[in-house]
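*Asks:* sharing a model prediction with you, sequence too.
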Amino acid sequence: MTKVRPAPGGGRIVEVEPERLPRWVANFAERNGGIAAHHAEGDAWTIEANDGTSAEVAWTLAGGLPADWLLDSDPIKAAEHLRDYALEPRRIAVLLARKGAYSVGVISDGRLLTSKTDTAYVQGKTKAGGQSQQRFARRREGQAKAAAKRAAEAAAAVLTGVEFDALVTGGIVDDLLKDSRLNHLAPAAHFGDIAEPRAALLTETAYRGIGFTITVH
């Protein structure tokens, strides 16, 4: 399903699945009076419509696009090249974490090769005051640290010694990636808005990572 959110400074950001990029470009042309020009600029492919609307297309997984493919005078053909490039077989590692829950795995061409998923209880904040509040806070902190330790151990077990083309992360993973066994990993894409980490979400997130992020002005 297409995801849409406001863009900083105005406009909107649209996440488009790789297969849908040529159709999205065709619809963009139809909605905005045709395409006046398109060109590669920095890490984005910029499409300019006749009514003044513009769209900057970026591949979510990594910065930069193969600019030589975008020299095609037909923007639909250029979009087809990018679609095919995004859908080339890749091995993608995914690390997801939220409060007390994590899921980590490696996906190859849409198939989950290996994974670990777990959920641990982490107490929520309490409105109690005085010593009770302090006791609950200490307990909550201890539970959170224990959950983070288990998540880091699982991530290290799944990802260490495994070859993959890119790492995609989701949720709250900054502290996990500071672990000495993981701090050499650099996410190629990160999504902050994830659901509860589950094994099924690993494949969905990997697919989301090879899609396109389009900023419409």
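*Replies:* Thanks, I have the structure now.
*Asks:* can we go C-alpha only for contacts and neighbour counts from here?
*Replies:* Will do.
*Asks:* tell me where this protein is predicted with low confidence.
*Replies:* 1-2, 63-71, 120-144, 146 (pLDDT under 70).
*Asks:* do a quick rundown of the strands in it.
*Replies:* Using DSSP state E, the strands of the chain run over 3-6, 12-16, 35-41, 44-49, 54-59, 91-98, 101-108, 111-119, 166-171, 189-191, 212-216.
*Asks:* for V57, give me its contacts.
*Replies:* Neighbouring residues of V57 by Cα atoms under 8 Å, 6 or more residues apart in numbering: 44-47, 212-215.
*Asks:* of those residues, closest to R31?
*Replies:* Minimum separation from R31 among these (Cα to Cα) is found for I47, which lies at 13.1 Å.
*Asks:* tell me how far the closest one lies from A148.
*Replies:* With distances taken as Cα to Cα, to the nearest Å, I47 is found 43 Å from A148.
*Asks:* just A155 next, same as before
*Replies:* Distance from A155 to A148, by Cα to Cα: 10 Å.
*Asks:* neighbour-wise, which of the two wins?
*Replies:* More neighbours sit around A155 than around the other of A155 and A148, counting by other Cα atoms under 10 Å; the figures are 27 against 22.
*Asks:* tell me who's in contact with the closest residue to the more buried one other than its chain neighbours.
*Replies:* Leaving aside its sequence neighbours, A155 sits nearest to V104 (Cα to Cα, 6 or more residues apart in numbering; 5.9 Å). Listed by Cα under 8 Å, 6+ apart, the contact set of V104 reads 93-96, 115-117, 154-155, 158, 199, 202.
*Asks:* give the burial count for the closest residue in space to S108 that isn't next to it in sequence, as a bare number.
*Replies:* Closest residue in space to S108, ignoring its immediate chain neighbours: R91 at 4.3 Å, by Cα to Cα, 6+ apart. As a burial measure, R91 scores 20 neighbours (other Cα under 10 Å).
*Asks:* likewise for A186?
*Replies:* There are 12 residues near A186, going by other Cα under 10 Å.
*Asks:* same check, this time on R20
*Replies:* Neighbour tally, R20, other Cα under 10 Å: 15.
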